[in-house]
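> the sequence and its predicted three-dimensional model are supplied below.
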Amino acid sequence: MSARGLVTRDLRVAVQGNEILKGIDLTVEPGQVHALMGPNGSGKSTLAFTIAGHPGYDVTSGSVTLDGEELLGLAPDKRARAGVFLSFQYPAAIPGVSVANFLRSARQAVRSGDLSPAKFRQLVFEKLDTLDMDPAFLGRYVNDGFSGGEKKRLEMLQMAIIAPKYAILDETDSGLDVDALQAVGHAATSLRESEDGRNMGFLVITHYPRILRYLPADVVHVMIDGSIAKTGGPDLAERIEREGYDVIREEVATARA
């Protein structure tokens with residue numbers, strides 16, 4: 001069996017002694033979009049932060065591998081260099097730091113010295129064009145005074161510049177109006193279709209299926225109470241929109257009885 005993929009096996013995670021994740025088995029294949037859905041408090045963001053290496057989460061058992069390489073025990077920056085990208089639900093503002101300098105620093109941190117300044121500049125403008133973004137973004141301070149949609153589109157630009165192997169989008173649709181959501185979804189889809197993004201795997205964490213209308217999922221997982229309760233195709237997201245999560249919860253309870 002191929003070792004490729006972002007893979008968790010029997011992943012159990014606790015916070016201050018309280019178990020949040022209760023044995024997560026999940027594989028995100030290269031070039032695939034997996035959606036992870038579930039109600040508030042089900043553990044979705046805990047999974048995202050654990051994969052990225054947040055020190056506040058205690059892994060009590062299991063493994064997290066990226067194309068066969070164990071990530072647990074690696075510092076967050078080393079996980080980023082290995083190919084993990086995390087898009088935050090609430091991106092922080094960094095007054096005084098221009099977007100251009102931030103992008104250059106991010107690329108250097110993950111792929112040190114791989115591009116000359118001229119080649120990097122060319123890459124930035126190519127990605128701005130791909131994402132249909134105004135070059136004026138480059139002169140602004142990072143997320144300072146940005147709208148919710150602008151913050152999320154800037155994260156798509158960061159992802160395009162870094163070109164990770166696997167991108168985790170943690171509730172990227174949170175707080176976005178329809179126009180902003182459509183723009184972000186189309187931006188992510190454009191990256192998937194670009195030459196350096198075709199093999200990128202996505203884990204899209206969301207409460208609602210609306211972002212999946214613009215970034216279609218190949219596989220949909222439903223997390224309830226720290227466990228993956230159900231896995232299916234795109235129709236599973238549509239079913240949740242019609243029926244809600246309680247139906248899935250009842251099915252799980254019945255199956256365990």
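Received it, and whenever you're ready, just let me know what you need. Model, not experiment: these values are computed from the prediction.
> how about the strands in this structure?
6-15, 18-28, 33-37, 58-66, 69-70, 84-87, 94-98, 141-142, 166-170, 201-206, 219-224, 227-232 (DSSP state E).
> and the gap between residue 177 and residue 94?
24 Å (C-beta to C-beta, to the nearest Å). Every residue, glycine included, has its C-beta placed from N, CA and C.
> looking at those two, which is more packed in?
residue 94 (14 against 11; other C-beta atoms under 10 Å).
> next, the contact list for residue 187, please.
Neighbouring residues of residue 187 by C-beta atoms under 8 Å, 6 or more residues apart in numbering: 131-132, 153, 156.
> 6 Å instead, please
Listed by C-beta atoms under 6 Å, 6 or more residues apart in numbering, the contact partners of residue 187 are 131, 153, 156.
> then residue 76?
52-53.
> not counting its neighbours along the chain, what's nearest residue 115?
residue 123 (6.5 Å; C-beta to C-beta, 6 or more residues apart in numbering).
> so what's the closest residue to residue 219 other than its chain neighbours scoring on pLDDT?
Once flanking residues are discounted, residue 219 sits nearest to residue 34: 4.7 Å by C-beta to C-beta, 6+ apart. pLDDT for residue 34: 96.
> quickly note the distance from residue 34 to residue 107.
The value you get for residue 34 to residue 107, if C-beta to C-beta is used, is 26 Å.
> and residue 168, how many neighbours does it have?
26.
> repeat for residue 119
Residue 119 - counted by other C-beta under 10 Å - has 10 other residues nearby.
> can you name the residues that contact it?
No contacts exist for residue 119 under C-beta under 6 Å, 6+ apart.
> from residue 246, how far off is it?
For residue 119, the distance to residue 246 - C-beta to C-beta - is 53 Å.
> what's the answer for residue 228, then?
Taken as C-beta to C-beta, the span from residue 228 to residue 246 is 17 Å.
> of those two, which one has the most company?
A direct count of neighbours by other C-beta under 10 Å for residue 228 and residue 246 places residue 228 higher, at 21 against 10.
> does that one touch residue 219 like I think?
No. Checked against C-beta atoms under 6 Å, the pair residue 228 and residue 219 is beyond contact range at 11.0 Å.
> center of the chain - which residue?
The residue lying closest to the centre of the chain (C-alpha atoms, centre = their mean) is residue 168, at 1.5 Å.
> tell me the predicted confidence for that one.
pLDDT, read off for residue 168, is 95.
> and residue 41, by the same measure?
So, for residue 41, pLDDT stands at 90.
> then residue 207?
At residue 207, pLDDT is 85.
> count of residues packed around it?
Count around residue 207 with other C-beta under 10 Å applied: 17.
> for it, what are phi and psi?
Per-residue torsions, residue 207: phi -80, psi -40 (degrees, to the nearest 10).
> contacting residues for residue 53?
Contacts of residue 53 (C-beta under 6 Å, 6+ apart): 76, 79.
> show me where the stretch 51-200 of the chain has its helices.
76-82, 99-110, 117-130, 148-162, 178-193 (DSSP state H, counting those that start in this stretch).
> quick check: beta-bridge partners of the nearest residue to residue 70 once chain neighbours are set aside?
Closest residue in space to residue 70, ignoring its immediate chain neighbours: residue 63 at 6.2 Å, by C-beta to C-beta, 6+ apart. In this entry, residue 63 is beta-bridged to residue 9, by DSSP bridges.
> flag every buried residue along the helix or strand bottoming out on mean pLDDT in the chain.
Within the chain, no helix or strand scores below helix 178-193, which has a mean of 80 by mean pLDDT, DSSP states H and E. Using 16 or more other C-beta atoms under 10 Å as the test for burial, helix 178-193 gives 180-188, 190-192.
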